[in-house]
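Trainee: coordinates only, sequence not included:
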């Protein structure tokens, strides 16, 4: 069984996706290098991995639910991006900032909605049967 600090690390890791930040909070340290080492070690420990996996399914379900929100499009967009990222479809990082009206784009683009629906469906299938990679 994971220790209380390891459990807190896992919770923070699920929330942020950043091991170093999670270790900084969970282990109450200010040393970034020490936190990076702790995170790296934790993510290789069988008990931590097991605990993380037990929580990851619920976190993924929450992301899917958030992606389906029609009343809060920025939350839905970020959750959908997270789903795509976790499914291996992370977009290329751009160094320049582009100011788009994402709400209008999402509402008006049938292609975007179709792609998001397709990837969400694939993710749901993967969550139901993790051996179906």
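Mentor: It's in. Computed from a predicted structure; not experimentally measured.
Trainee: ok, now how distant is residue 43 from residue 68?
Mentor: Plainly put, residue 43 is 30 Å away from residue 68 if you go by Cβ to Cβ, to the nearest Å. In this view, the C-beta of every residue, glycine as well, is placed from N, C-alpha and C.
Trainee: between the two, who's got more neighbours?
Mentor: A count of neighbours by other Cβ atoms under 10 Å puts residue 43 above the other of residue 43 and residue 68, at 16 against 13.
Trainee: which residues does the more buried one contact?
Mentor: The contact partners of residue 43, taken as Cβ atoms under 8 Å, 6 or more residues apart in numbering, are 13, 19, 49, 52.
Trainee: where does the protein have low pLDDT?
Mentor: 59, 82-109, 129-133 (pLDDT under 70).
Trainee: Count the neighbours of residue 11 for me.
Mentor: There are 17 residues near residue 11, going by other Cβ under 10 Å.
Trainee: right, and it touches residue 52 too?
Mentor: No - under the contact definition of Cβ atoms under 8 Å, residue 11 does not touch residue 52, with a separation of 9.7 Å.
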